[in-house]
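Colleague: Got a sequence here, can you model it:
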Amino acid sequence: MATSGTGAGSAARQQLTTRAAAVGLLMRNTVNLGVALIALADPAAPGSRVGTWLLSALAVWSLIRVLTRSPQAVWLAMDYAFVLSVCLAIPVLAPAADFYTANTAPQAIAGTAVVSISVSVSAPVSVALTAGIAAAYAHGAAAVVGWENLSSVTALYYFVVQCATASIIRFMLLRAASVIDRARSEREEAEVARRVNDAVRDYEREQLALLHDTAASTLLMVGQGTTLPARRLAAQARRDLRLLGERARVVPSSPVEVVAALGECAAHLCTPVRFDGRDRLWLPGQSAGPVIAAAREAMTNVDRHAHATLLRVTVSDTCVRLVDDGVGFDVDAPRHGHGVDESIIGRMERAGGQARVTSGPDTGTVTELSWCPDPDTPLRSPTVDPDRLVERTRTRYGLALAAYALVNLAVSVPPAEAPLGILAAVGALASIPGILWQRWAFAWPAALAMLVVAIAQPALLPQDALIGYAHWAQGAVGWCVLPLLLALPNRTGVAMLVGYWVLNSAVVVVRDPSAAMFVNVGLGTASILAVQLFAFVFNGLMRDAAAVVEAETRAHRRLLTRDRISQALRTEYQRRYATIVDNVVPLLEALTRGDPVDADLQRRAQAECRRLRALFDQAGTFDHPLTQRIRPLIDAAEDRRLDVALELSGSLPDLDEDRVTEVLTTLAAVLELASTTVRMVLTGSDDGVEISIVIDIDTATGSDLSAGLDGAEVVVSGRELWCLLHTGAQRVTTSS
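Modeller: Take a look at the predicted model:
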């Protein structure tokens, strides 16, 4: 089951789409509110009641939208209707014949609407909506200048540029997000698979440790003829049955009260036990289970081997300490059993905790079991941007902003002012090394150059040209500076953008302190500076989006991992351990009845105990790369209803990947020939690994076995085939 889909598989795309829509909504309605208020306050505005009512209604509606921020399509349709109304109302809002040569309320509202809609919706929809705005604007403008002069209305061309640029930016960001989503899905799938494999391996070890602590220990006592009171033996058998039954339920349990559980374990001991420390301690099931099981094994060891007069158990918030006054043992001496290494130390390590056993001859034994106070709390802060969402989207976004700045210069700078235009273009291009390679050495010199343009361009204009398109620095400087500020914190970048705007506006106001100039600066502030600020803030919002995406991904991964592990452990239990448990349950049930142990029961207990001990001894080799890769082949064979038996002998040496692959290729071919049974023995030595396989085959199959095994020699006797594989210093061969 893939991790992609409606969950975390499209989280980056969904987050960027949501953020873009939110920025577009705020940009559109903030600008509309500011422009409407400035137009209403303009003393030179036409005194049309229709225009006044329309702008008043737009201001109220925009304020409501800014406060509510509803993303529903019906509210976007209302925004769009207001924009169309303003465009159609050009004859009453801007009736001057040369209205298109200066910044006006309809132009500011329509231009901002084009940009905000283009970043919020898909390209086909934005093109259609932009065409509607352009058509309404053209209709309103034609009512003032006539259809024959409509080509002089520059705003219509700007709408095309704005729509194309905003749509390209949206496309680039969403395309990057889609690539990131796909990469994240593959990474998450691999991570979940790794965690499931680790969980299955830990579960296997835990099952073996549990069998060792319960059935194997009890059956060993019975098989050796240990004299125990029938009542105690029955109680211990009932405990074993209960624990084995609980472990069949592989779903992590609810919180467990540890002190009470330890008290129940102590009730089965002959050694006196004294509890100190906490009276009650609740732990999550995944932490409590290993702690209780390890403590139970430590208690059992004390009761059977220590000859102690007292076992003291101290429970704290993060540790269980067991101290006895028994005979002790040499912890550095080689140990042949599995109790301390697997059932205590290994069990706690698999659970993310730690077990420390200190002892010495005649000094007693101290066992300390410790765990993390909160296993769900990560040891370090999670990476906010593991898939480079911020870096990759910021790069594309920065390049798009730089490209828009250059396009804006190309369509607005007249040939006579080419030197200033070239200086501004060089300033915008200076952001490229920083955007691509984080080298911002050219940014500050470029910022100074843009400061010269912001001051010099309006200072050199004739006074009667300060209001209109001749003052191209009013909008172009901000767009050229914006890419240079992308590496700065939000507050610093906003302050610098505002500073450039204020400086440029101060020059024109000083030269022409008229009411018309103040209105022009106000409309520019609402429509140009506001859009530039939103464009800069959107760059900062990408980091927030990356954090949200990573949080959603972690939550999705936790749920998916939990479900996958639960399913895998159920399958693992049924496949490997249900039969083993079923073999020992009848013996334990016979012991629970309290009947005397007769010779037959003792003999059966010895046989099962030997089988379990052999399984424990082989468990250490199951982690070898060869056996790990053989197990899927065995699973596939068992899925074909083959009876497979695997035995391990000796210690398996290290093998390189090529040799393991060669062995598996031949082994898979042999298993494909099996009809009902497979007997396999792996024998390890310092020289290599020898695999002996005996299978039964169909008579018809046996006629062409050499071809099926890539020319290997085999021995066939009737319906049986014997194959011997060697891997070591030589290549894999098949011999008889």
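Colleague: Helix, strand, or coil at the nearest residue to residue 322 once chain neighbours are set aside?
Modeller: Nearest residue to residue 322, sequence neighbours excluded (Cβ to Cβ, 6 or more residues apart in numbering): residue 367, at 4.5 Å. C-beta here means a position set from N, CA and C on the backbone, and glycine is covered the same way. Judged by DSSP: H, G, I helix; E, B strand; the rest coil, the three-state class of residue 367 is strand.
Colleague: Wait, residue 367 touches residue 355, no?
Modeller: Yes - counting by Cβ atoms under 8 Å, residue 367 touches residue 355, with 6.9 Å between them.
Colleague: any residues in contact with both of the two?
Modeller: Residues touching both residue 367 and residue 355 by Cβ atoms under 8 Å, 6 or more residues apart in numbering: residue 344.
Colleague: Next, the contact list for the residue nearest to residue 322, please.
Modeller: 295, 298, 321, 322, 323, 344, 355, 356, 357.
Colleague: how far is the one helix or strand residue 50 maps to from where the chain is centred?
Modeller: Using DSSP states H and E, residue 50 maps to helix 49-68. A distance of 43 Å separates the centroid of the chain from that of helix 49-68, by Cα atoms, centre = their mean, to the nearest Å.
Colleague: Can you give the contact residues for the following helix or strand past that helix?
Modeller: Next along the chain after helix 49-68, taking DSSP H and E as the criterion, comes helix 73-88. Applying Cβ under 8 Å, 6+ apart, the external contacts of helix 73-88 come out as 25, 28-29, 32, 54, 57-58, 61, 65, 68, 93, 105-106, 109-110, 113, 117, 120, 129, 132-133, 136-137, 139-140.
Colleague: do the same with stretch 520-535
Modeller: Outside stretch 520-535, the residues that reach it (Cβ under 8 Å, 6+ apart) are 23, 26-27, 30-31, 34-35, 38-39, 102-105, 107-109, 111-112, 115, 401, 467, 474-475, 478-479, 482, 494, 497-498, 501, 505, 508-509.
Colleague: Export only the CA atoms of it, formatted as PDB.
Modeller: What follows is stretch 520-535, C-alpha atoms only, in PDB (Å, rounded to 0.1, in the frame of the first residue of the first chain):
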ATOM      1  CA  ASN A 520      -1.400  58.900  -6.800                       C
ATOM      2  CA  VAL A 521       1.100  57.800  -4.100                       C
ATOM      3  CA  GLY A 522      -1.800  56.400  -2.000                       C
ATOM      4  CA  LEU A 523      -3.200  54.400  -4.900                       C
ATOM      5  CA  GLY A 524       0.300  53.100  -5.700                       C
ATOM      6  CA  THR A 525       0.800  52.200  -2.100                       C
ATOM      7  CA  ALA A 526      -2.400  50.200  -2.100                       C
ATOM      8  CA  SER A 527      -2.000  48.500  -5.400                       C
ATOM      9  CA  ILE A 528       1.800  48.300  -6.100                       C
ATOM     10  CA  LEU A 529       3.500  48.200  -2.800                       C
ATOM     11  CA  ALA A 530       0.900  46.000  -1.200                       C
ATOM     12  CA  VAL A 531       1.300  43.400  -4.000                       C
ATOM     13  CA  GLN A 532       5.000  43.500  -3.600                       C
ATOM     14  CA  LEU A 533       4.800  43.000   0.100                       C
ATOM     15  CA  PHE A 534       2.500  40.000  -0.300                       C
ATOM     16  CA  ALA A 535       4.900  38.500  -2.900                       C
END
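Colleague: pLDDT on that stretch, on average?
Modeller: What stretch 520-535 shows for mean pLDDT is 86.
Colleague: returning to what we had before: sort out which of the contacts of residue 367 are in strands and list them.
Modeller: Taking DSSP state E, the ones among the contacts of residue 367 that sit in strands are 321, 322, 323, 355, 356, 357.
Colleague: from these, which would you call buried?
Modeller: Among the ones in strands among the contacts of residue 367, those buried by neighbour count (16 or more other Cβ atoms under 10 Å) are 321, 322, 323, 355, 357.
Colleague: Name the SS class of residue 317, please.
Modeller: Here residue 317 is recorded as coil under three-state DSSP.
Colleague: on that earlier part again, out of the buried ones among the ones in strands among the contacts of residue 367, which comes closest to residue 154?
Modeller: Closest approach to residue 154 among these (Cβ to Cβ): residue 355, at 78.4 Å.
Colleague: Buried among the contacts of helix 73-88? Need that as a selection in PyMOL.
Modeller: Buried residues among these (16+ other Cβ under 10 Å), as a PyMOL selection:
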select buried, resi 25+28+29+32+54+58+61+65+93+105+106+109+110+113+117+120+129+133+136+137+139+140
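Colleague: quick one: residue 62 from residue 474, how far?
Modeller: Note on residue 62: its distance to residue 474, by Cβ to Cβ, to the nearest Å, is 23 Å.
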